[in-house]
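Novice: below: sequence and its predicted model.
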Amino acid sequence: MKLNELSDNPGAAKKSKRVGRGPGSGKGKTAGRGIKGQKSRSGVAINGYEGGQMPLYQRLPKRGFNKPNRKSFAVVNLGQIQKFIDEKKLKAGEIGEDALVEAGLVRRKKDGVRVLAKGEITAKIQLTVTGASKSAVEAVEKAGGSLTVTVASAAE
């Protein structure tokens, strides 16, 4: 077998239809797009457009309610905190929200940091955060630490 004798399996490679290449090709001149109109032009994206009729997504009723002043918390799991302590990225002891951001555990505080109980915590820590689940508070206290939840001021 030589390099010049290599070929693909029959039917493996299909040549693409070359449109707009003369009348003999059967797809010349208008390239199968018809004559004039928006869709015969290039650069047309009319997804969801129904020719002036009210589109389906606008005809359907809207449901629900989005609270405009809702709070969004950055979420941290206890297992993640323990992992960062083991890797010496966080010091066991007093840990605040700013320390979590500096360590890279949380990208930004948003309206505060909320601690959830996923994972195990073995280090003795004093956590101060905006929110925490009951099971997270119990898990930290079981490990010999404390979890303080600060209440954001009512003015916010």
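Specialist: Yep, it's here.
Novice: I'd say residue 31 and residue 22 touch.
Specialist: No. In this structure residue 31 lies outside contact range of residue 22 using Cβ atoms under 8 Å: 10.8 Å. To be clear about C-beta, it is placed using only N, CA and C from the backbone, and glycine gets the same treatment.
Novice: the two: who's more crowded?
Specialist: residue 31 (14 against 10; other Cβ atoms under 10 Å).
Novice: who's in contact with that one?
Specialist: 19-20 (Cβ atoms under 8 Å, 6 or more residues apart in numbering).
Novice: okay, and it sits in which element?
Specialist: Residue 31 is part of no helix or strand, with elements assigned from DSSP states H and E.
Novice: roughly how far does it sit from residue 42?
Specialist: Residue 31 sits 10 Å away from residue 42, taking Cβ to Cβ, to the nearest Å as the criterion.
Novice: ok, which stretches of this protein are strands?
Specialist: 74-77, 94-95, 113-116, 126-129, 131-132, 146-149 (DSSP state E).
Novice: so can I have a markdown table of these showing mean neighbour count and distance to residue 1?
Specialist: Formatted as a markdown table, the strands of the chain follow (neighbours: other Cβ atoms under 10 Å; distance: least, Cβ to Cβ, whole Å):
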| stretch | mean neighbour count | distance to residue 1 |
| --- | --- | --- |
| strand 74-77 | 18 | 58 |
| strand 94-95 | 18 | 67 |
| strand 113-116 | 22 | 62 |
| strand 126-129 | 20 | 68 |
| strand 131-132 | 20 | 69 |
| strand 146-149 | 16 | 71 |
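Novice: lovely, talk soon.
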